[in-house]
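Asker: sequence? don't have it. structure:
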């Protein structure tokens, strides 16, 4: 297994990334997008290593203000994260469509990428979606006030993305997730009527920190990996 550390520019920031190559690949075809808080590109490593064994390479990176990347988290925004993710796409082989795996806030970014990128398979872990009015707002300048309004997530632009999405959709959610409103999963499910293949894996004992839980429970992790491989290769 070959792993390459890279550094790349996105706007005024310098971001750190990891390329993990699948067997026989010259470029990866899967992008990981981590969530907010203390999340980093390493959060999904347990999946990336296993996927590489199945011939699926991946690219993961630290959004600005996280991990080894420059910038301050509080000065970032959803709009800035989308711009950074769009630059990260250059590391992928897009010739036959790509797989994007987004976790929590990263899932919102993944849904935004569907509008412009050749996404064949979309994998959403405990997905968060946000009020359109929160997208350009820096995290330290009123972002929290907007998203804490009751039902604010319903005023989102990403439903338009998922309605038109004709690729494969896999949603992995923890039944004990107390961060993401239950209605988010149901709404994404109902809006994704044009998806080629669609599946929701509800993990009984997992909370919002789904990757920590999966990395400690190989049976469910193996199921998720199997589904990602199947959808990415279909």
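Answerer: That came through, no problem. On a predicted model such as this, the values are computed, not experimentally measured, just so you know.

Asker: what sits closest to the residue nearest the centre of the chain if chain neighbours are left out?
Answerer: Computing the C-alpha centroid of the chain and ranking residues by C-alpha atoms, centre = their mean puts residue 102 first, at 0.9 Å. With C-beta to C-beta, 6 or more residues apart in numbering as the criterion, residue 102 has its nearest non-adjacent residue at 3.1 Å, and that residue is residue 110. All C-beta spots, glycine's among them, are computed from the backbone N, C-alpha and C.

Asker: what's the helix or strand for the one you found?
Answerer: Assigned by DSSP states H and E, residue 110 belongs to helix 105-113.

Asker: can you give the contact residues for that helix?
Answerer: With contact meaning C-beta atoms under 8 Å, 6 or more residues apart in numbering, helix 105-113 is reached by 32-36, 39, 78, 81-82, 85-86, 89, 100-102, 119, 122-130, 157-158, 161-162.

Asker: shouldn't residue 16 be in contact with residue 65?
Answerer: No - with contact defined as C-beta atoms under 8 Å, residue 16 does not reach residue 65; the gap is 11.9 Å.

Asker: how about the secondary structure of residue 37?
Answerer: Here residue 37 is recorded as coil under DSSP: H, G, I helix; E, B strand; the rest coil.

Asker: in this structure, which spans are helices?
Answerer: Remark: helices assigned in the chain by DSSP state H are 45-53, 78-88, 105-113, 144-147, 158-164, 182-191, 210-215, 218-233.

Asker: give me every residue that touches the nearest residue to residue 164 once chain neighbours are set aside.
Answerer: Nearest non-adjacent residue to residue 164, counting by C-beta to C-beta, 6+ apart: residue 194, 6.6 Å away. Counting by C-beta under 8 Å, 6+ apart, residue 194 touches 163-166.

Asker: about what we covered before: just to check, the residue nearest to the centre of the chain is in contact with residue 125?
Answerer: Yes - using C-beta under 8 Å, residue 102 is in contact with residue 125, at 7.1 Å.

Asker: partner residues bridging the nearest residue to residue 185 once chain neighbours are set aside?
Answerer: Nearest in space to residue 185, with sequence neighbours left out and distances taken as C-beta to C-beta, 6+ apart, is residue 173 at 5.5 Å. As for beta bridges, residue 173 partners with residue 202 under DSSP bridges.

Asker: cool, and residue 100?
Answerer: The partner residues for residue 100, given DSSP bridges, come to residue 31, residue 122.

Asker: could you single out the most deeply buried of the helices of the chain?
Answerer: Mean neighbours per residue, mean count of other C-beta atoms under 10 Å, is largest over these for helix 105-113, with a mean of 26.

Asker: for the closest residue to residue 136 other than its chain neighbours, report the pLDDT, please.
Answerer: With sequence-adjacent residues excluded and distances taken as C-beta to C-beta, 6+ apart, residue 136 is closest to residue 79, at 4.8 Å. Note for residue 79: predicted pLDDT of 98.

Asker: was I right about residue 79 contacting residue 135?
Answerer: Yes - using C-beta under 8 Å, residue 79 is in contact with residue 135, at 5.3 Å.

Asker: including distance to residue 204, could the helices of the chain go into TSV?
Answerer: Shown next, in TSV, are the helices of the chain (distance: least, C-beta to C-beta, whole Å):
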stretch	distance to residue 204
helix 45-53	20
helix 78-88	31
helix 105-113	20
helix 144-147	27
helix 158-164	25
helix 182-191	15
helix 210-215	10
helix 218-233	9
